[in-house]
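Chemist: fold the following and give me the result.
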Amino acid sequence: MAAHSFATAFIDYSGTYIAVPGSEQCDFSIPKGALMLGRTETVAGYVVDLLCVRTWFQDDIWERGRMHTRECALRGCSIESGYALIQDDRSIAVLDPEATPLVVDAIMQSKSEIGIRLRVEREQDGDRARSVLVAEM
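Modeler: The predicted structure follows:
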C-alpha cells in the first residue's frame, strides 16, 4: 500500500500556515504574505469546499477537485466550511470568508454539475487578501 499524506495543511487566504492533525508530512514553506505579489492577484482552479479538501489524500487532490460535484459544494455544511481552489499546479488557494457568497452565486449559475472552475480576483487588504470578483472560467 502506498504512503499518502492528507491535504490537511495549507496556506490560508492571509498567508497563514494552517495545520490540522496529520499534517506533519506536508511541507509548506511559503512565508506569510507570499500570496500577494502586489496589490491584486488572480487565482483560478476547481472550486472545492474546505470540508472535503481536508479529508482528501494529497496525492489525489487534483482528480478529486476535478470531479467535485456542484451538489456537494452547495450543501449547508460545505458552504459553512468555506472554499478553496485547486490550481493547475495542484496547490490549494484558500479563499477568504467574504468570498463564500460570491462562490455560491457562481456555483449556482454554473451549468456544470462537476468540476466547476472559477477565477477569483483578490485585492490586498492590510495583511490579507480579499476576494472582489468570482467568475466561472
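Chemist: the protein: helices as residue ranges?
Modeler: Assigned by DSSP state H, the chain shows helices spanning 50-53, 61-66, 70-73, 76-81, 100-109.
Chemist: hey, which of those helices is tucked in deepest?
Modeler: helix 50-53 (a mean of 20; mean count of other C-beta atoms under 10 Å). (Each C-beta comes from the backbone N, C-alpha and C, glycine too.)
Chemist: what helices or strands is that one leaning on?
Modeler: Contacts defined by 3 or more C-beta pairs under 8 Å, 6 or more residues apart in numbering; DSSP states H and E place helix 50-53 against helix 61-66, helix 76-81, strand 83-86.
Chemist: export the ones you listed to JSON lines and append columns for mean pLDDT and distance to E98.
Modeler: Formatted as JSON lines, those follow (pLDDT from 0 to 100; distance: least, C-beta to C-beta, whole Å):
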{"stretch": "helix 61-66", "mean pLDDT": "90", "distance to E98": "22"}
{"stretch": "helix 76-81", "mean pLDDT": "93", "distance to E98": "13"}
{"stretch": "strand 83-86", "mean pLDDT": "94", "distance to E98": "11"}
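Chemist: of the ones you listed, which is nearest V132?
Modeler: Among the helices and strands packed on helix 50-53, the nearest to V132 by C-beta to C-beta is strand 83-86 (15.0 Å).
Chemist: strand partners of that closest one, parallel vs antiparallel please.
Modeler: strand 40-49 (antiparallel), strand 92-94 (antiparallel) (DSSP bridges).
Chemist: give me the contacts around that strand.
Modeler: With C-beta atoms under 8 Å, 6 or more residues apart in numbering as the test, strand 83-86 has contacts from 10, 43-50, 53, 61-62, 64-66, 73, 92-95, 99-100, 103, 118, 120.
Chemist: thinking again about what came up before, can you tell which of the helices of the chain is closest to Q124?
Modeler: Closest to Q124 of the helices of the chain is helix 100-109 (C-beta to C-beta; 17.5 Å).
Chemist: the inter-axis angle of the closest one versus strand 40-49?
Modeler: 60 degrees (axes from the mean of the first three to the mean of the last three C-alpha atoms, to 10 degrees).
Chemist: packing partners of helix 100-109?
Modeler: strand 40-49, strand 117-125, strand 128-136.
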